[in-house]
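Colleague: Sequence first, predicted model second:
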Amino acid sequence: MGRKILLVTTDQQRYDTLGCNGGTLARTPVVDGLAAAGIRYERAIPQSVVCMPSRSTIITGQFPTTHGVWMNGVPLPADAPSVAEVLRSAGYRTALIGKAHFEPFLDPFLRFPENAMGLSPTPAGGKHRGFEHLEFATHGAIGPLHYAQWLRQEHPEAIGGFYAVLDAALQVNADGGGDTGAPQTKANPIPREWYHTDWVADRTIAWLDSLDPDVDWFCWMSFPDPHHPWDPPQEEMRRIEWRDVPLPAGYPENAEQREAVLDDKPRHWRMWYDGELVSNYEAPARWVPATLTTDQVREVNARNAVECELIDEALGRVLACIDQRSWTATTDVIFTTDHGELQGDFGLLFKGPYHVDALMRLPLIWRPAPVAQPAPSVVTRPVGLIDLAPTFCAIADVPAPDWMQGQPLPTDDGTADARGEQRVLTEWDSELFGVDVHARTITRDGFVCTAFLEGSVHDGTEGELYNLSDDPLQQRNLWHDPERRQLRDDLLDDLWDCQPLKHEPRLLLEAPV
């Protein structure tokens with residue numbers, strides 16, 4: 001009997017939402033406890049800051065350029081490589097419970113297999129992407145996925161309480177709600193035990209309880225929160241009084257100062273702020289970020305924090321189940337997310353082609369199985385989500401296939417230094433509403449450097465360069481600083497020299513999200 005693997009992902013969670021990462025708003029004692037006993041990564045970086053490309057990187061261990069999911073709405077091919085299949089072939093039982101999103105959600109005719117699996121947790125042929133058990137959920141109660149089906153059958157009265165993600169024109173809803181009229185917020189009367197966070201934990205526990213005690217297993221438990229819409233059970237909002245929530249450090253409260261920071265960045269930043277450009281479908285096209293108020297920022301952050309607390313408590317129940325099955329000593333637990341959330345930084349919400357810490361600095365905690373006698377540590381060197389798949393292989397003691405492009409996560413800074421590579425790459429490509437935006441980013445030596453390729457907004461000369469030590473909020477763009485020209489050019493040379501192999505042929509965009 002070997003080591004079991006529990007991969008816990010959330011959706012769109014910032015680094016600073018965890019207490020162990022310095023967060024003060026949400027209480028996260030379960031994840032904090034994992035960090036205290038294991039390894040906490042100070043700079044874990046996604047290879048894309050949107051859902052489908054990033055999740056496809058987690059399962060394949062490849063860059064978006066290579067696995068081919070270059071933006072939301074591009075389905076990951078059914079025969080794409082999968083670390084779950086590697087583990088299943090090595091004798092692991094495998095399950096994915098919660099949000100998958102390897103294929104588009106906007107799918108009224110069920111063209112994509114994962115949207116047609118809602119009637120059974122067992123895929124046709126006994127496996128899908130290497131998983132033998134799948135139960136899917138997303139952010140609401142509408143659609144064909146297992147959680148929505150369960151609500152319709154068991155609690156249909158709760159369906160109308162969720163925020164309507166799409167409006168009548170099938171565009172992302174810009175309507176406000178809650179107490180402040182913040183976009184994508186709503187008071188949801190659903191009881192906590194019917195909400196998708198607890199449902200994902202319940203279904204994970206049920207699957208774990210179905211297993212023989214001596215099997216090895218890989219379970220990907222994927223919570224849809226704290227991604228917008230921010231509509232957690234309203235009864236839970238008493239945990240945090242939004243009026244008392246401090247404004248984020250990255251939110252310049254003075255409008256003149258805020259706009260000066262934006263004007264120092266490539267033009268698409270200010271264009272989105274003024275409502276002139278939308279380059280990500282999940283950001284409501286009818287919402288103008290410049291209208292965001294301080295109270296709305298406070299309420300969004302409060303609702304987000306409540307969702308993080310509910311996730312932490314749900315994870316605690318799953319870990320208690322693992323302990324009851326006498327598996328704790330042999331179970332590795334990895335907690336992370338697919339990308340971050342602006343959450344008021346720079347006067348913005350949601351996400352897009354904005355490669356700053358709000359979206360690129362992720363929570364990542366690895367509590368190795370206690371039988372491995374791990375030494376608690378903090379890794380300050382940059383790592384990527386691309387490193388997760390080879391890490392799972394190392395845990396399972398199976399060779400990482402050649403198609404994986406990452407390396408096993410280092411367990412301390414000394415290990416990171418010994419493996420040599422200190423750069424992490426991030427990509428952005430989007431074509432939306434006739435606008436295309438393309439960016440490539442390198443994080444190395446305490447700097448983040450982003451080049452914007454020629455597209456609808458940029459001419460190929462614009463970019464961003466930030467010193468993470470001197471400017472942790474990334475409010476001073478050094479791209480045109482003559483004293484940093486040599487450094488910038490060196491980073492760009494490294495960036496272009498390390499571009500990954502391209503997927504051929506280019507996969508088609510088949511839906512908005």
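Modeller: Noted; the coordinates are in hand. Residues are numbered from 1 along each chain as shown.
Colleague: okay, now residue 83: neighbour count?
Modeller: 29 (other Cβ atoms under 10 Å). (Glycine included, C-beta is placed from N, CA and C.)
Colleague: Strands of the stretch 51-200 of the chain, start to end?
Modeller: With DSSP state E, counting those that start in this stretch as the criterion, the stretch 51-200 of the chain has strands at 93-98, 133-136, 176-177, 182-183.
Colleague: Output those as CSV; include the columns mean pLDDT, mean neighbour count and distance to residue 163.
Modeller: Shown next, in CSV, are the strands of the stretch 51-200 of the chain (pLDDT from 0 to 100; neighbours: other Cβ atoms under 10 Å; distance: least, Cβ to Cβ, whole Å):
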stretch, mean pLDDT, mean neighbour count, distance to residue 163
strand 93-98, 98, 26, 19
strand 133-136, 97, 24, 19
strand 176-177, 96, 18, 7
strand 182-183, 98, 26, 10
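Colleague: Please enumerate residues in contact with the least confident helix or strand in the chain by mean pLDDT?
Modeller: Ranking every helix and strand in the chain by mean pLDDT, DSSP states H and E puts helix 413-419 at the bottom, with a mean of 94. Defining contact as Cβ atoms under 8 Å, 6 or more residues apart in numbering, one finds that helix 413-419 is touched by 377, 379-381, 383, 407, 410, 422.
Colleague: Which residues belonging to it are considered buried?
Modeller: By 16 or more other Cβ atoms under 10 Å, the buried positions in helix 413-419 come out as residue 416.
Colleague: same check, this time on stretch 276-296
Modeller: 277-285, 287, 289-290, 292, 295-296.
Colleague: Of these, which belong to helices?
Modeller: Cross-referencing the buried residues of stretch 276-296 against helices under DSSP state H gives 295-296.
Colleague: just to revisit the earlier point, need the strands of the stretch 51-200 of the chain in TSV (columns: distance to residue 372).
Modeller: Output for those, formatted as TSV (distance: least, Cβ to Cβ, whole Å):
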stretch	distance to residue 372
strand 93-98	21
strand 133-136	26
strand 176-177	47
strand 182-183	44
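Colleague: With respect to residue 113, which of these lies nearest?
Modeller: Proximity to residue 113, assessed across the strands of the stretch 51-200 of the chain by Cβ to Cβ, is greatest for strand 133-136 (10.3 Å).
Colleague: what helices or strands is the closest one leaning on?
Modeller: If you count contacts as 3 or more Cβ pairs under 8 Å, 6 or more residues apart in numbering; DSSP states H and E, strand 133-136 packs onto strand 93-98, helix 146-154, helix 196-209.
Colleague: Quick one: closest of those to residue 458.
Modeller: strand 93-98 (36.1 Å).
Colleague: quick one, what contacts the residue nearest to the spatial centre of the chain?
Modeller: When Cα atoms, centre = their mean is applied to the chain, the residue found nearest the centroid is residue 338 (1.9 Å). Residue 338 makes contacts with 9, 11-12, 46, 51, 54-55, 58, 385, as judged by Cβ under 8 Å, 6+ apart.
Colleague: Pull out the buried residues from the residues you listed.
Modeller: When the contacts of residue 338 are checked against 16+ other Cβ under 10 Å, the ones flagged as buried are 9, 11-12, 46, 51, 54-55, 58, 385.
Colleague: Can I get the contacts of residue 338 in JSON lines including distance to residue 360 and pLDDT?
Modeller: Below are those laid out as JSON lines (distance: Cβ to Cβ, whole Å; pLDDT from 0 to 100):
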{"residue": "9", "distance to residue 360": "16", "pLDDT": "99"}
{"residue": "11", "distance to residue 360": "16", "pLDDT": "98"}
{"residue": "12", "distance to residue 360": "12", "pLDDT": "98"}
{"residue": "46", "distance to residue 360": "7", "pLDDT": "98"}
{"residue": "51", "distance to residue 360": "15", "pLDDT": "98"}
{"residue": "54", "distance to residue 360": "11", "pLDDT": "98"}
{"residue": "55", "distance to residue 360": "16", "pLDDT": "98"}
{"residue": "58", "distance to residue 360": "15", "pLDDT": "99"}
{"residue": "385", "distance to residue 360": "11", "pLDDT": "98"}
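Colleague: quick check, nearest of these to residue 511?
Modeller: Nearest member of the contacts of residue 338 to residue 511, counting by Cβ to Cβ, is residue 51, at 12.6 Å.
Colleague: give the contact list for the closest one.
Modeller: 11-12, 72, 101, 227, 338-339, 513.
Colleague: can you tell me how far residue 344 sits from residue 250?
Modeller: From residue 344 over to residue 250 the distance is 7 Å, taken as Cβ to Cβ, to the nearest Å.
Colleague: for residue 82, same thing?
Modeller: Using Cβ to Cβ, we find residue 82 at a distance of 36 Å from residue 250.
Colleague: which residues does residue 40 bridge with?
Modeller: Counting by DSSP bridges, residue 40 is bridged to residue 365, residue 378.
Colleague: and if you look at the one 4 residues further on?
Modeller: Beta-bridge pairing for residue 44 (DSSP bridges): residue 362, residue 383.
Colleague: I'd say it and residue 361 touch.
Modeller: Yes - with contact defined as Cβ atoms under 8 Å, residue 44 and residue 361 form a contacting pair (7.4 Å).
Colleague: shared neighbours of the two, anything?
Modeller: Contacts common to residue 44 and residue 361, judged by Cβ under 8 Å, 6+ apart, are residue 15.
Colleague: would TSV of the helices and strands packed on strand 133-136 with distance to residue 271 be doable?
Modeller: TSV is the format used below for the helices and strands packed on strand 133-136 (distance: least, Cβ to Cβ, whole Å):
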stretch	distance to residue 271
strand 93-98	35
helix 146-154	36
helix 196-209	34
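Colleague: Any idea which of these gets closest to residue 507?
Modeller: strand 93-98 (21.4 Å).
Colleague: centre of the chain versus that closest one, how much separation?
Modeller: Taking Cα atoms, centre = their mean, to the nearest Å, the mean C-alpha location of strand 93-98 is offset from the chain mean by 18 Å.
Colleague: Paired strands for that strand, with orientation please.
Modeller: strand 133-136 (parallel), strand 217-226 (parallel).
Colleague: Restrict that strand to CA atoms and write it as CSV.
Modeller: Extracted C-alpha coordinates of strand 93-98, given in CSV (Å, rounded to 0.1, in the frame of the first residue of the first chain):
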residue,chain,number,x,y,z
ARG,A,93,-8.6,4.5,-7.8
THR,A,94,-9.5,7.9,-9.2
ALA,A,95,-12.2,10.5,-8.8
LEU,A,96,-12.9,14.1,-9.7
ILE,A,97,-15.7,15.7,-7.7
GLY,A,98,-16.8,19.3,-8.1
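Colleague: angle of that strand against helix 196-209?
Modeller: 170 degrees (axes from the mean of the first three to the mean of the last three Cα atoms, to 10 degrees).
Colleague: among the strands of the stretch 51-200 of the chain, which is nearest residue 245?
Modeller: strand 182-183 (12.2 Å).
Colleague: Looking at the strands of the stretch 51-200 of the chain, which is nearest to residue 324?
Modeller: Nearest to residue 324 among those is strand 93-98 (17.8 Å), distances taken as Cβ to Cβ.
Colleague: okay, now residue 435: neighbour count?
Modeller: Using other Cβ under 10 Å, residue 435 has 15 other residues around it.
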